[in-house]
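[1] Only the shape, not the letters, is given here:
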């Protein structure tokens, strides 16, 4: 059976490779086909760039979420973090009249918020779910208190310059789309080309074994949340530029859910160890495609959430089937 | 119960896992099922316990054909399967685990008192000090294994299948287990006993059946064969070895690589030894003797309370893993699945990971460098793989372990701490690991082996320290290295005429 087992395993790994390496491409193309069937003009340049524009900000957050989930953790504070950062950044922008300072603030504050999550999880030894559930609630509450639930609005004097950061285009390509693609490339690069990327996967795969190879697992986790925080900061900056008015109560609402959904649809295992940045990228686009198709097909808006929910379940079901296949193969 | 399994064939797709296998187990018989990993033992037992149906073949119990065996049916027929992996819920108490799925009910609600009483009863009979109300997660692995066994003894069984029940038990616990098995056997209970440990098989089993590559090889009485013959049956050819070490002694060089003085820590005390270049030192002891904790402490994974560790004359200051690694120490941890491998990562990544933590200084990873590093070790260690981007879990246990040893060769570690290096590895592959360890010592690596398997120690060690209650109770040179001496020292006795050297 030994020999036989190898071939059996071989077939299974092949199947596993095909499904796990390209599953996100397969579902992406599948969805795109549906979209084209519903509306043949779906593939128009304007519509395609629109997908990016709408998905970019939450997409940048999802890149951070990818790392977090690949390491076997979770972050529920994404939306609240984006809200508090962008709200305060507008105040800072208005008082300093400097976009640069506002950007620096966003990035720094984002990292700080990430560090808070990371430190509580590692040094406080509290489950990521609980820590980020708490910070989610806390951040939202603080920004609501500061803004008294109302908006943070960019001053007239800064309005045009600030808005152009996201509304502008380079050779017809929307800036937002460029931001998203660059962040995706950088994150993908970190995850595949640096040892930090390996540490993220190894921590998610087997924390104990990782520790025994000299990896400072706590440091890795803190760095992951800090990186995610940095991206939330950037997302917050872009959100403020796009909306020019941040509603404390609703800004960034349910970003964490979209980000987690994108990561899951993209084929990253929720238990950690495996993950694909490209998958998350496509995951974000798929969420946008679903939304657009629903609008085009005149599905009542209240049912949008239902369809999205079903899509996520299907994506994750496909994953768990793969996992159980693998477990059978290794037993 | 008289069990006859006849002409069992099991195909997984095009894959033939079992071809025409027979197994006959009589009432009150302990039947050893032998075979290397992947020989089909577990598949055969899964067929018997109804996990999946055979492709063809018959299961006959007490003369009656059993058709469509299911797990439920096999339970009803009083067949119990103690799995190799621990199937326990860590958050539940011992007794809750033992009754899981078969709770005792009194007027529709769980009869907690009675469950606790019965569970405690079995545990006392097994002569182990496990509280029925302890949380399973707080137990040692060995204790968990005992709970798993106790679970099967709880209910009246006629046939108990044990798949490597003793992997993490110490000798006393094994003796207790055997005593219970004999008692049950006298009551007519049959056992199918799967193990890699020859001495155990010869002690407890009456008959044997050997499988190799899914094919039935031979059945007979243990009293008619010896260990060499059994090993021969298992692997299909005679291992021309009396002892690996005998032909490979004398590579010790005078330079002292590691010196440990009066080291104390959690559960071990006052441990001193010197490790020279090219030397293989073994540490052994019963469960709880402190060997495991000593191994972790030497690697910086757990704290020491006093004493010092010198590596190449330099005293270790920082007591954390990375610092110890930088001094050229590597560790092959026990329990490969839980502590060794990164199951989601590729073979190559599993191999590179330690290199990254201490040797890799560049910003980026160079795939080709990584590939070459692995290719070098691949040749050195005779690892059989398809592609180095395959998942590590696609490899056999022996090959996985070689990758993990390679992990440290990649860091150019000169001192290797190995804890149970051949745990869960089949016989043939074990010898390869032994050879590899000896080969490494020839190349000037120093090795500390923490092991509970005497044959392993005897095959490779230059000297063996035996620990008892956290202290080194004695050390044995090659000439003194016998199983009896190890036993004596590990149970707290001293050897006659042997002076303490520490």
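    Alright, I've got the coordinates. Remember, it's a predicted structure, so these values are computed and weren't measured experimentally.

[2] tally of neighbours for the closest residue to chain A within the stretch 251-400 of chain B?
    Closest to chain A within the stretch 251-400 of chain B is residue B:344: 3.1 Å, counting by CB to the nearest CB. Using the backbone N, CA and C atoms, a C-beta is placed for each residue, glycine as well. Neighbour count for residue B:344, taken as other CB atoms under 10 Å in any protein chain shown: 24.

[3] Enumerate the residues of the stretch 101-250 of chain A near chain B.
    A:192-195, A:197-199, A:201-202, A:204-206, A:208-216 (CB under 8 Å from any CB of the partner chain).

[4] List the ones among the residues you listed that fall in helices.
    When DSSP state H defines the helices, the subset of those inside them is A:192-193, A:195, A:197-199, A:201-202, A:204-205, A:208-211.

[5] Next, the angle helix A:195-205 makes with the helix or strand containing residue A:279.
    Assigned by DSSP states H and E, residue A:279 falls within helix A:277-296. Interaxial angle, helix A:277-296 versus helix A:195-205 (axes from the mean of the first three to the mean of the last three CA atoms, to 10 degrees): 70 degrees.

[6] and helix A:277-296, what does it pack onto?
    On a contact count with 3 or more CB pairs under 8 Å, 6 or more residues apart in numbering or on different chains; DSSP states H and E, helix A:277-296 meets helix A:2-38, helix A:45-70, helix A:175-193, helix A:255-265, helix A:304-330.

[7] Would you mind giving me the confidence score for the residue nearest to residue B:422 when sequence neighbours are not counted?
    Spatial nearest neighbour of residue B:422, chain neighbours left out: residue B:430 (4.4 Å); criterion: CB to CB, 6 or more residues apart in numbering or on different chains. Residue B:430 is assigned a pLDDT of 83 by the prediction.

[8] Contact partners for the residue nearest the centre of chain A?
    The centroid of chain A falls nearest to residue A:62 when counting by CA atoms, centre = their mean (0.5 Å). Applying CB atoms under 8 Å, 6 or more residues apart in numbering or on different chains, we find residue A:62 in contact with A:258, A:259, A:262, A:263, A:280, A:283, A:284.

[9] biggest separation within these, which pair?
    The span of these, defined through CB to CB, is set by A:258 and A:280 at 11.0 Å.

[10] where does the stretch 1-150 of chain A have low pLDDT?
    Low-confidence segments of the stretch 1-150 of chain A (pLDDT under 70): A:1-21.

[11] Let's see that with 90 instead.
    The stretch 1-150 of chain A contains residues with pLDDT under 90 at A:1-48, A:50, A:147-150.

[12] Could you verify my assumption that residue B:46 touches residue B:54?
    No: taking contacts as CB atoms under 8 Å, residue B:46 lies outside contact range of residue B:54: 9.7 Å.

[13] Contact residues of the stretch 251-400 of chain B facing chain A?
    B:299, B:301, B:321-322, B:325, B:331, B:333, B:338-345, B:349, B:352-354, B:356-358, B:360, B:363-365, B:386, B:390-391, B:393-394, B:396.

[14] what number of residues lie near the residue of the stretch 151-300 of chain A at minimum distance from chain B?
    The nearest approach of the stretch 151-300 of chain A to chain B comes at residue A:273, 3.1 Å away (CB to the nearest CB). By other CB under 10 Å, the residues close to residue A:273 number 20.

[15] which SS state does it fall under?
    coil (DSSP: H, G, I helix; E, B strand; the rest coil).

[16] check contacts around it.
    Contacts here follow CB under 8 Å, 6+ apart; on that basis residue A:273 touches A:70, A:72, A:201, A:202, A:204, A:205, A:206, B:342, B:343, B:344, B:345.

[17] if I pick the closest residue to residue B:390 other than its chain neighbours, what's in contact with it?
    Ranked by CB to CB, 6+ apart and with sequence neighbours excluded, the top spatial neighbour of residue B:390 is residue B:347, at 5.7 Å. Residue B:347 makes contact with B:374, B:385, B:387, B:388, B:389, B:390, B:391, B:392, B:394, B:395, B:403, according to CB under 8 Å, 6+ apart.

[18] Narrow the residues you listed to just the buried residues.
    B:374, B:385, B:388, B:390, B:391, B:392, B:394, B:395, B:403 (16 or more other CB atoms under 10 Å in any protein chain shown).

[19] Doesn't the first one lie inside a helix?
    Pointing back at residue B:374 there. Yes: the assignment for residue B:374, made by three-state DSSP, places it in a helix.

[20] For ChimeraX, write a command that selects the buried ones of the residues of the stretch 251-400 of chain B next to chain A.
    Remark: buried members of these, expressed as a ChimeraX selection using 16+ other CB under 10 Å:
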select /B:299,301,321,325,331,333,339,340,341,342,343,344,345,349,352,353,354,356,357,358,360,365,390,391,393,394,396
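
[21] Looks like residue B:437 contacts residue B:460 (just checking).
    Yes: taking contacts as CB under 8 Å, residue B:437 lies within contact range of residue B:460: 5.2 Å.

[22] what touches both of these two?
    Common neighbours of residue B:437 and residue B:460 (CB under 8 Å, 6+ apart) are B:280, B:447, B:449.

[23] Could you export the residues you listed as CSV, including pLDDT, neighbour count and secondary structure?
    Below are the shared contacts of residue B:437 and residue B:460 laid out as CSV (pLDDT from 0 to 100; neighbours: other CB atoms under 10 Å in any protein chain shown; DSSP: H, G, I helix; E, B strand; the rest coil):
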residue, pLDDT, neighbour count, secondary structure
B:280, 92, 27, strand
B:447, 93, 26, strand
B:449, 94, 27, strand
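
[24] Just send those back as JSON lines, with distance to residue B:88 too.
    Formatted as JSON lines, the shared contacts of residue B:437 and residue B:460 follow (distance: CB to CB, whole Å):
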{"residue": "B:280", "distance to residue B:88": "36"}
{"residue": "B:447", "distance to residue B:88": "34"}
{"residue": "B:449", "distance to residue B:88": "29"}
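
[25] next helix or strand past the helix or strand harbouring residue B:403?
    Using DSSP H and E, residue B:403 maps to helix B:397-410. For helix B:397-410, the succeeding helix or strand toward the C-terminus, using DSSP H and E, is strand B:415-419.
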